[in-house]
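Participant: Here's my sequence, what's the structure:
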Amino acid sequence: MKKTRDKMRGLAPGTLVAPEGAVVPTGMHVICYDAGSLEETIVESVAELKRFRSSGRVLWVNLCGLGNTEMLAGLGALFGLHPLALEDTLTVRQRPKVEDYKENIFVVMRMLHFRGEIDTEQVSMFLGRDFVLTVQERPGDCFEPVRERLRNGGGQIRTQGADYLMYSLIDAVTDNYYPFLESLGEVVEQLEDEVVDRPTRQSVGKVHEVKRSLLQVRRAIWPLREAISTILRDESPLLGEVARVYLRDCYDHAVQVLDMVETYRELAGGLMDVYLSSLSNKMNEVMKVLTIIATIFIPMTFIAGIYGMNFDSMPELHQSWGYPAALGVMVAIAVFMLFVFRRMGWLGGKRED
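Facilitator: Numbers count the residues shown, from 1 in each chain. Presented below is the predicted three-dimensional model:
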């Protein structure tokens, strides 16, 4: 990422520079549809898209990979996209946002992936009067349910315009957070039991990993909520009333996701307090056992110390019963003290009032 910024230093605004290690796209996935027909294909050049632009149907073009700046520039020329928006498309790791360029609306989102560990991918979206252009960092997305709805012709998606398609894609990105957060909630519940019953150093590492994941999700969903709010607040001829109604529902979903994130963050933060409290209780139990043992041996040590003094006038030293008598007294004192401790509830028994 730093190398990409170094390349862009001193260049004119709107200059397209591919990110370091960007995937080079091999083609573009195209879906062109209306209420009565749908055409789905893969095109390898921008020139092949021209026939779809004059069809009068809604056009969805999905580009996977940021390694071909010439193809992206060609898309910008074909769809009339602003150069600064194209530059932002190649500047990954941005926070979600919305920018209105009059002729089109530019949206940046972060799509969640979970491949052993959490990862987010930047998705850029352009909305025009009859088209939606999406640009991803790499192949693999959460848009397949939208594609299936288009293929099957179910619901309103085939009868509505490009603005409804944009809503469907934003909603798919937002709903994709739910399964991850639900699984993360189960992890938090398991950690609660673990830090209470058997706290270890590994538990601390797991808690920090959960907190990092939640922070990453929060950084993605918080500005996305604000971006959806911006779309609803600003008046744009590209966004119809039907799409606005459904975007309000999408906004509610984003708020719910954010509430779940904040709840799990508070629980994860409290797990450290529970962990420290569990360690303290465990240490107190160990100290109690050691204290009881030391307390039992104190009178024994006192008796042994007395009879360890070198005085000939001590009569018990010259009696045959002296040694077993001293041991018997020690055992009796130990048994008596154990009885007292148990009666007071210090050994796990109930205290007798």
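Participant: Residues contacting stretch 270-278, please?
Facilitator: The contact list for stretch 270-278, computed with CB atoms under 8 Å, 6 or more residues apart in numbering, reads 188, 191-192, 195-196, 199, 203-204, 207. Where C-beta positions appear, they are placed from N, C-alpha and C, glycine not excepted.
Participant: Endpoint to endpoint, stretch 304-313 covers what distance?
Facilitator: 17 Å (CA to CA, to the nearest Å).
Participant: what's that stretch in contact with?
Facilitator: If you take CB under 8 Å, 6+ apart as the criterion, stretch 304-313 is touched by 314, 316-317, 322, 326, 330.
Participant: Stretch 194-207 too?
Facilitator: Here stretch 194-207 makes contact (CB under 8 Å, 6+ apart) with 187, 191, 268, 271-272, 274-275, 278-279, 282.
Participant: Buried ones only from the residues you listed, please, as a PyMOL command.
Facilitator: Filtering the contacts of stretch 194-207 down to the buried ones (16 or more other CB atoms under 10 Å) takes a single PyMOL command:
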select buried, resi 187+191+268+271+274+275+278
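Participant: Pick out whichever of the contacts of stretch 194-207 sits closest to Gly67.
Facilitator: The shortest gap between Gly67 and any of those belongs to Val187, at 35.4 Å (CB to CB).
Participant: Poorly predicted segments of this structure, please.
Facilitator: For the chain, the stretches with pLDDT under 70 are 1-14, 115-116, 348-353.
Participant: remind me, longest helix of it?
Facilitator: For the chain, the longest helix by residue count, based on DSSP state H, is helix 241-307.
Participant: following that helix, which helix or strand shows up next?
Facilitator: Remark: after helix 241-307, the chain's next helix or strand is helix 322-343, criterion DSSP states H and E.
Participant: buried residues in that following helix?
Facilitator: By neighbour count with 16+ other CB under 10 Å, helix 322-343 contains the buried residues 326, 330, 333, 337, 341.
Participant: Also stretch 205-224?
Facilitator: For stretch 205-224, burial by neighbour count (16+ other CB under 10 Å) applies to 206-207, 210-211, 213-214, 216-218, 220-224.
Participant: next one: stretch 73-84
Facilitator: By 16+ other CB under 10 Å, the buried positions in stretch 73-84 come out as 73, 75-76, 78-79, 81-82.
Participant: For it, list the C-alpha coordinates in CSV.
Facilitator: Output in CSV follows, covering the C-alpha atoms of stretch 73-84 (Å, rounded to 0.1, in the frame of the first residue of the first chain):
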residue,chain,number,x,y,z
ALA,A,73,-10.2,4.0,-18.0
GLY,A,74,-12.2,2.6,-20.9
LEU,A,75,-15.2,1.9,-18.6
GLY,A,76,-14.9,5.5,-17.3
ALA,A,77,-15.1,6.8,-20.9
LEU,A,78,-17.9,4.5,-21.9
PHE,A,79,-20.1,5.3,-18.8
GLY,A,80,-19.0,8.9,-18.3
LEU,A,81,-17.4,8.3,-14.9
HIS,A,82,-15.5,11.1,-13.1
PRO,A,83,-11.7,10.6,-13.1
LEU,A,84,-11.5,11.2,-9.3
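Participant: re the thing from before, now, among the contacts of stretch 270-278, which is nearest to Pro299?
Facilitator: Of all those, Pro299 sits closest to Pro199, with 36.0 Å by CB to CB.
Participant: how deep is the closest one tucked in, by neighbour count?
Facilitator: Applying other CB atoms under 10 Å, we find 19 residues neighbouring Pro199.
Participant: Which secondary structure state is assigned to it?
Facilitator: coil (DSSP: H, G, I helix; E, B strand; the rest coil).
Participant: Could you find the closest non-adjacent residue to it?
Facilitator: Ser278 (4.4 Å; CB to CB, 6 or more residues apart in numbering).
Participant: how far away is that neighbour from Gly345?
Facilitator: In this structure, Ser278 and Gly345 are 21 Å apart, going by CB to CB, to the nearest Å.
Participant: list the contacts for Ser55?
Facilitator: By CB under 8 Å, 6+ apart, the neighbours of Ser55 are Cys32.
Participant: what about Leu78, which helix or strand?
Facilitator: Under the criterion of DSSP H and E, Leu78 resides in helix 69-79.
Participant: nope, Arg149 is what I was after
Facilitator: Using DSSP H and E, Arg149 maps to helix 144-152.
Participant: Output the contacting helices and strands for the helix holding Leu78.
Facilitator: Here helix 69-79 touches strand 58-64, helix 83-90, strand 131-136, going by 3 or more CB pairs under 8 Å, 6 or more residues apart in numbering; DSSP states H and E.
Participant: With that, I have no additional questions.
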